[in-house]
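Undergrad: quick one: sequence and predicted model below, then my questions.
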Amino acid sequence: MGKKAREIVGVDLKELIKDLDRAYCDEWLAYYAWWYMAQVVDGKGYEDMGEFLNKIAKDELEHAQELAERIVELGGLPTNVPGNLAKNANAPYPGVMKNLHDYNEIIKIVIEAEAGAIDVYNKIAKKTFGKDHDTYQLATHIMGEEITHEEMFENLLEKK
Ligand SMILES: [Fe+2]
Ligand SMILES: [Fe+2]
């Protein structure tokens, strides 16, 4: 990103890069948890659950990539050591299910993390609206996918 392009970003660049890096770390943690659960999920209908988890894991990895690109464009660097991902994230590691066939626990873990992600991108979108068009667009694009993830898993909840 050139001098002029950076100049027109109407928010504190250092702070914005930090916000984006925290989200970047969240994405890696979510990717790891979803991917891991997809590998080990067990029980009746495990293939479908595995497919769902793999699908959203792939999205989170893509989000991490999009955030890394934006951070670099803004003149920053994303977290470079895996051991620091949990430390630099907004939220703690979402965790994985204790019982491999406990779909309700999986769904609960996913819904909670997706709700947190929606909050994170909503905040970044509000902060950059009218001030940094590219980051704003990225935040709303990712938020839209997190909303889809939340909905996908909410629809799996057992109806009472
Ligand atoms: Fe994501
Ligand atoms: Fe997500």
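TA: On my side now, so go ahead. Numbers count the residues shown, from 1 in each chain. Ligands and ions are numbered 1, 2, ... in the order given.

Undergrad: count of neighbours near the residue nearest to V40 when sequence neighbours are not counted?
TA: Counting by Cβ to Cβ, 6 or more residues apart in numbering, V40 lies nearest to L100, which is 5.5 Å off, once chain neighbours are set aside. C-beta: built from backbone N, CA, C; applies to glycine. Residues lying near L100 (other Cβ atoms under 10 Å) number 14.

Undergrad: try I109
TA: 20.

Undergrad: what about it, which helix or strand?
TA: In this structure, I109 is located in helix 103-128 according to DSSP states H and E.

Undergrad: would you mark the buried spots in that helix?
TA: 103, 105-107, 109-111, 113-114, 116-118, 120-121, 124-125, 127-128 (16 or more other Cβ atoms under 10 Å).

Undergrad: hmm, back to that, let's verify the residue nearest to V40: helix, strand, or coil?
TA: coil (DSSP: H, G, I helix; E, B strand; the rest coil).

Undergrad: gap between it and A38?
TA: 11 Å (Cβ to Cβ, to the nearest Å).

Undergrad: try G10
TA: Using Cβ to Cβ, G10 is found at 40 Å from A38.

Undergrad: and the two? Which one has more around it.
TA: Neighbour comparison, G10 and A38: the larger count goes to A38, with 20 against 10 (by other Cβ under 10 Å).

Undergrad: what sits against that one?
TA: Applying Cβ atoms under 8 Å, 6 or more residues apart in numbering to A38 gives the contacts M49, G50, E51, L53, N54, A57.

Undergrad: in the residues you listed, find the pair that's most separated.
TA: M49 and A57 (12.3 Å; Cβ to Cβ).

Undergrad: quick check: the residue of the chain nearest ligand 1.
TA: Proximity of the chain to ligand 1 (Cβ to the ion) peaks at H63, 3.7 Å away.
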